[in-house]
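Colleague: Prediction below, plus the sequence it came from.
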Amino acid sequence: MSTSAYASVCSSKQVVTDKCTIFKNDASLNRKINKFIGDMHSSCNKHDRAYNTLGADRGAADRRLQRDLRKDCLDNPFTMGACLPVVELAMAFVRSSGKELYLARQNEMLQHVKGVNSKMAADQCVTTPEHQGYIDDALLSHINSKFKAIVSRPPTAYERYEMLSRYVPGQGIQGSTFNNSLTSYAYNRRGINAPVITSISRYESVFPDVTYTWNPSILNKNYLQYDWSTTHTWGNQNAPKLEINFGNQFDMNANVSGFLKVKRSRDERDVFFFSHRFTARGSCSPSPDQFCTVLQPGP
């Protein structure tokens, strides 16, 4: 049950993988080749996902594909002799048509990021780049460090999406248009003490009342509204800490996941996704501090 009073989670972009597509306009021939190199599908699909990762380095993705395909060939000695020439044919296609495909996929992801940014700005949904996936770590690291150097604090999820929406695929991470836009945006955010959720930790109470408390670590945390949305909460909890009482008699495996949104104003807000898998200690579980006698039903 979700307790969110503000918004749902933004939908992720579905990335389509199509195995090893070598001949652009001949689906029949592609099917025949894929039947022959069936155990290479995962390598080609990994390459598709890289092209769909905003900010991913195309050259690195292509080199990784070549290494993976060659390894696939060498792992199968029965088809190795015929397989390696097919790999070279595939890489020739990637070298000749890869740039066009790469930019097309990058621009599709950029449009998705812009759409998410607009929805978040309008409070229609919440997410983070990390929760969405398909954002290159180097791109995120670049905007985080550039923003922090100017504003003297990390960016919120909302600020990260605003900066990601300014990315220019044809120029890459070091592109002047993109970086000038980042610099301008960061200077405009100086002096705005937006709350930044840096982590969420979990604490366990003492027996027998087993209560788990999730405590967020937040920069600039005065006068905030809290919105916890989890899979394990009953009722609405608008408090700085989230408390859940499992009330179980024996140890049980548990998972609490969801997000916390904090807001001071429309210009000062952040969201943080978390997931904890753990054993919820029961009042009758084996423990040096707790002993329970459980009566078994009679015959």
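Modeller: It's in.
Colleague: And the strands in this structure, which stretches?
Modeller: Per DSSP state E, the chain carries strands over the ranges 8-9, 125-126, 196-204, 211-219, 225-230, 242-245, 252-265, 268-280.
Colleague: Mind putting these into JSON lines with mean neighbour count?
Modeller: Just so you know, the C-beta spots here come from the backbone N, C-alpha and C atoms, and that holds for glycine as well. Converted to JSON lines, the strands of the chain look like this (neighbours: other C-beta atoms under 10 Å):
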{"stretch": "strand 8-9", "mean neighbour count": "16"}
{"stretch": "strand 125-126", "mean neighbour count": "21"}
{"stretch": "strand 196-204", "mean neighbour count": "15"}
{"stretch": "strand 211-219", "mean neighbour count": "16"}
{"stretch": "strand 225-230", "mean neighbour count": "21"}
{"stretch": "strand 242-245", "mean neighbour count": "18"}
{"stretch": "strand 252-265", "mean neighbour count": "17"}
{"stretch": "strand 268-280", "mean neighbour count": "18"}
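Colleague: Which of the ones you listed has the lowest mean pLDDT?
Modeller: Among the strands of the chain, strand 242-245 has the lowest mean pLDDT, at a mean of 87.
Colleague: re earlier: could you export the strands of the chain as a markdown table, including distance to residue 172?
Modeller: Formatted as a markdown table, the strands of the chain follow (distance: least, C-beta to C-beta, whole Å):
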| stretch | distance to residue 172 |
| --- | --- |
| strand 8-9 | 30 |
| strand 125-126 | 29 |
| strand 196-204 | 27 |
| strand 211-219 | 31 |
| strand 225-230 | 36 |
| strand 242-245 | 40 |
| strand 252-265 | 31 |
| strand 268-280 | 28 |
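Colleague: Ok, which of those strands comes nearest residue 155?
Modeller: The minimum distance between residue 155 and those falls on strand 196-204, with 7.5 Å, by C-beta to C-beta.
Colleague: Which strands or helices does the closest one pack on?
Modeller: Judged by 3 or more C-beta pairs under 8 Å, 6 or more residues apart in numbering; DSSP states H and E, the packing partners of strand 196-204 are strand 211-219, strand 252-265, strand 268-280.
Colleague: follow-up on the earlier one: of all the strands of the chain, which lies closest to residue 56?
Modeller: strand 268-280 (22.0 Å).
Colleague: what does that closest one contact?
Modeller: Residues outside strand 268-280 that contact it (C-beta atoms under 8 Å, 6 or more residues apart in numbering) are 126-128, 130-131, 156-158, 192-197, 199-200, 202, 210, 212, 214, 216, 218, 220, 246, 248, 251-263.
Colleague: okay, the angle between that strand and strand 225-230?
Modeller: 40 degrees (axes from the mean of the first three to the mean of the last three C-alpha atoms, to 10 degrees).
Colleague: mind listing what strand 268-280 pairs with, with the direction of each?
Modeller: strand 252-265 (antiparallel) (DSSP bridges).
Colleague: If you compare the directions of the partner strand and strand 211-219, what angle comes out?
Modeller: Using the same axes, to 10 degrees: strand 252-265 against strand 211-219 is 30 degrees.
Colleague: Just the C-alpha atoms of strand 252-265, please, in CSV.
Modeller: The C-alpha trace of strand 252-265 is given here as CSV (Å, rounded to 0.1, in the frame of the first residue of the first chain):
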residue,chain,number,x,y,z
MET,A,252,10.8,-13.2,9.2
ASN,A,253,12.5,-12.0,6.0
ALA,A,254,11.3,-8.5,5.1
ASN,A,255,11.8,-5.9,2.4
VAL,A,256,10.9,-2.3,2.8
SER,A,257,11.2,-0.2,-0.4
GLY,A,258,9.8,3.0,-1.7
PHE,A,259,10.8,6.7,-1.7
LEU,A,260,10.9,9.8,0.5
LYS,A,261,9.9,13.1,-0.9
VAL,A,262,10.8,16.3,1.1
LYS,A,263,9.5,19.7,0.2
ARG,A,264,9.9,23.2,1.6
SER,A,265,8.7,25.1,-1.4
